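K.L.:
What shape does this take:
(one chain, ligands or ions: 3)
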Amino acid sequence: MEDLNGGVLSLIESARRAAEVIIEHINSKSRISVFSHIDADGISAAGIMGMALSRAGAKFRIRIERWFDEKIADEIASERDSLPILTDMGSGYIEILNRSMEGRDLIILDHHQPSGEPDESFVHVNPEIFGIDGARDISGAGVAYLTAKAISERNIDLAYLAVIGALGDMQDKYENRSLGGVNNLIVEDAVKSGYLKTETDILLFGRETRPIHKALAFTTTPFIPGISGEEDKCLAFLTKLGIKLKENDKWRALRDLSQEEKRKIFSGISDLLISQGYEPKVASSLIGTVYILVKEEPWTPLRDAREFALLLNATGRMGRPGLGVAICMGDRGKCLEEARQTLEDYRKKINENLRWLDEHKDRLEELDGIYVLHGGERIDEKMISAISTILSTNLPNTKKPIIAYSTVPEEGLIKISARTTEDLTEKGFNLGEIMRVSAEKFSGKGGGHDIAAGAQIPIETKDEFLRFVNDLVMKELKKIESRD
Ligand code: C5P
Ligand code: C5P
Ligand code: ZN
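P.N.:
Numbers count the residues shown, from 1 in each chain. Ligands and ions are numbered 1, 2, ... in the order given. Alright, predicted model coming up:
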């Protein structure tokens with residue numbers, strides 16, 4: 001790790017402090033409780049911590065949560081004799097933790113925009129404190145990995161899990177859709193430990209496992225109208241291009257195709273996108289860096305790190321995060337079988353939601369400053385994050401963020417998943433801040449990253465909240481325009 005700048009060194013130093021506290025607690029035989037976030041990044045972060053703690057002989061348990069709130073804060077505080085470790089969450093809710101955990105040991109390993117000064121008894125490891133971009137340069141799993149490596153050098157073999165976490169959080173924002181910043185150091189560790197290799201190729205989902213038409217239909221970043229989610233149309237499209245779909249009666253996957261065949265598919269999709277008015281850069285985002293996990297069996301969804309991340313997201317969002325954590329901790333038996341089924345169910349659910357939205361276009365409303373997706377009770381709160389991400393790649397006006405919401409009536413709240421584009425964040429637009437300020441105004445909770453953020457607010461404040469967000473976004477956009 002030569003050429004490390006000051007920020008990275010400080011981040012590693014703060015991970016080392018977290019490791020020291022963890023080791024002290026292990027030595028004094030206290031229990032450790034890991035609380036992590038329900039998405040791919042959070043689950044891989046939990047897997048990394050689980051492995052590091054298990055190797056160190058710790059007594060521990062892992063809990064996966066939808067979001068951070070007072071209930072979780074109280075639960076953490078009620079466990080008097082254990083050390084809580086929060087991964088991929090916590091930094092945005094320091095004040096709540098200060099109140100519930102004042103004067104007690106607490107480890108926060110996160111990459112969300114921090115809000116508030118932590119109590120001095122906490123160890124808060126977060127790239128943003130050191131001027132490192134938490135939305136692009138390191139994920140929650142990355143921060144957990146730095147800490148695991150500080151616990152023991154042998155944990156270098158967990159680096160690949162942090163690569164999966166970063167891809168799950170869509171941090172592949174560097175040239176050729178690669179990971180950069182601190183993630184690059186983690187990629188180096190994963191390669192060095194013999195778990196990872198990278199290649200440049202066409203990026204279709206399920207390159208290892210799926211018949212090509214399914215891999216095409218599964219590809220939703222970017223969203224390709226007439227292809228994404230449309231298996232039948234994909235079959236017709238490939239047949240027209242003259243691609244042989246089967247070999248000896250067996251469906252061929254992308255990995256079986258020749259360069260020439262892949263070139264044909266790419267230019268076919270390019271033509272399709274350009275004929276629909278998309279800029280060439282949308283098609284070129286289909287070519288990029290593939291992260292191959294060389295110790296995983298070919299033909300499994302674990303071989304391609306992006307697919308691995310999707311599988312973890314599926315386990316979390318379908319209410320089976322324990323399967324995802326088990327797989328990260330090395331289980332390849334029955335858990336993997338069940339997780340594969342869960343991935344299928346998740347895919348079906350996403351496609352079903354997209355089809356429904358296509359038939360109910362009025363659910364997407366365009367205001368002066370934002371798009372609002374009224375998911376209501378029709379789109380499950382667990383699916384709104386994925387739906388918001390997918391739609392955000394396919395909006396007519398890339399200068400407007402999308403604010404998607406689902407209603408959770410039994411809890412009296414709405415769950416918001418907001419996304420914007422690099423076009424705006426490059427100019428200093430910060431969606432995480434907008435979500436935080438707007439949610440707090442209506443007694444809710446919000447935060448996240450500049451490009452992807454979320455909130456939970458009381459149901460009855462929904463309309464006012466959306467108006468407030470729209471106004472705040474307009475104000476921010478005006479500020480940006482006047483600077484241009
Ligand atoms: O909580 P966490 O940081 O792990 O989650 C970030 C979320 O933001 C992920 O669900 C990721 O897919 C989403 N994201 C996105 N578009 C981006 C960057 C992140 O939808 N450009
Ligand atoms: O849930 P979703 O994937 O849309 O969240 C986008 C990002 O915003 C994630 O990184 C999530 O952890 C974060 N978030 C947050 N506070 C909330 C809701 C979401 O920091 N109340
Ligand atoms: Zn994350």
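K.L.:
who's in contact with Ile12?
P.N.:
Counting by Cβ atoms under 8 Å, 6 or more residues apart in numbering, Ile12 touches Leu4, Leu146, Ala150. Heads up, the C-betas are built off the backbone N, CA and C, glycines and all.
K.L.:
got a winner among those residues for most neighbours?
P.N.:
Leu146 (29 neighbours; other Cβ atoms under 10 Å).
K.L.:
Alongside ligand 1, which residues does the stretch 251-400 of the chain contribute?
P.N.:
Within the stretch 251-400 of the chain, the positions near ligand 1 by Cβ under 6 Å from any ligand atom are Ser385, Thr389.
K.L.:
residue ranges of the helices in the stretch 251-400 of the chain, please?
P.N.:
For the stretch 251-400 of the chain, the helices defined by DSSP state H, counting those that start in this stretch occupy 259-275, 280-284, 305-317, 321-328, 334-359, 384-392.
K.L.:
same for the shortest one, what does it pack against?
P.N.:
For helix 280-284, the elements it packs on are helix 259-275, judged by 3 or more Cβ pairs under 8 Å, 6 or more residues apart in numbering; DSSP states H and E.
K.L.:
Now the helix it packs on: average pLDDT?
P.N.:
Model confidence over helix 259-275 averages 93 on the pLDDT scale.
K.L.:
For that helix, name the packing helices and strands.
P.N.:
The helices and strands touching helix 259-275, judged by 3+ Cβ pairs under 8 Å, 6+ apart, are strand 196-202, helix 231-241, helix 280-284.
K.L.:
The second one: what's the following helix or strand?
P.N.:
Going down the chain from helix 231-241, the next helix or strand is strand 246-247, by DSSP states H and E.
K.L.:
Paired strands for that following strand, with orientation please.
P.N.:
Paired neighbours of strand 246-247 in the sheet (DSSP bridges): strand 250-251 (antiparallel).
K.L.:
who touches the strand it pairs with?
P.N.:
The contact list for strand 250-251 (Cβ under 8 Å, 6+ apart) reads Arg210, Pro211, Ile212, Leu245.
K.L.:
just the helices of the stretch 251-400 of the chain: most buried one?
P.N.:
The highest mean neighbour count among the helices of the stretch 251-400 of the chain, using mean count of other Cβ atoms under 10 Å, belongs to helix 305-317: a mean of 27.
K.L.:
where are the low-confidence patches of this structure?
P.N.:
For the chain, the stretches flagged by pLDDT under 70 are 1-3.
K.L.:
how about the residues of it that lie near ligand 3?
P.N.:
Contacts of the chain with ligand 3, taken as Cβ under 5 Å from the ion, map to Asp41, Asp88, Ser139, Gly140, Asp169.
K.L.:
from those, which two are the most distant?
P.N.:
Largest separation among these by Cβ to Cβ: Asp88 and Asp169, giving 8.7 Å.
K.L.:
For the stretch 51-200 of the chain, what lies in contact range of ligand 1?
P.N.:
With Cβ under 6 Å from any ligand atom as the criterion, the stretch 51-200 of the chain meets ligand 1 at residues Asp88, His112, Gly140, Asp169, Met170.
K.L.:
Ranking by neighbours, what's the top pick from the contacts of strand 250-251?
P.N.:
Counting by other Cβ under 10 Å, top hit in the contacts of strand 250-251: Ile212 with 27 neighbours.
K.L.:
For that one, give me its contacts.
P.N.:
By Cβ under 8 Å, 6+ apart, the contact list for Ile212 reads Leu204, Cys234, Leu238, Ile243, Leu245, Trp251, Arg252, Ala253, Leu254, Leu257, Ile265.
K.L.:
Restrict those residues to the buried ones and give me that as a PyMOL selection.
P.N.:
Of these, the buried ones can be selected in PyMOL as follows, counting by 16 or more other Cβ atoms under 10 Å:
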select buried, resi 204+234+238+243+252+253+254+257+265
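K.L.:
between the contacts of Ile212, which is closest to Glu352?
P.N.:
For those, the nearest to Glu352 is Cys234 (17.2 Å; Cβ to Cβ).
K.L.:
just to revisit the earlier point, any chance of the helices of the stretch 251-400 of the chain in a markdown table, with distance to Glu377 too?
P.N.:
Converted to a markdown table, the helices of the stretch 251-400 of the chain look like this (distance: least, Cβ to Cβ, whole Å):
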| stretch | distance to Glu377 |
| --- | --- |
| helix 259-275 | 34 |
| helix 280-284 | 33 |
| helix 305-317 | 17 |
| helix 321-328 | 23 |
| helix 334-359 | 12 |
| helix 384-392 | 11 |
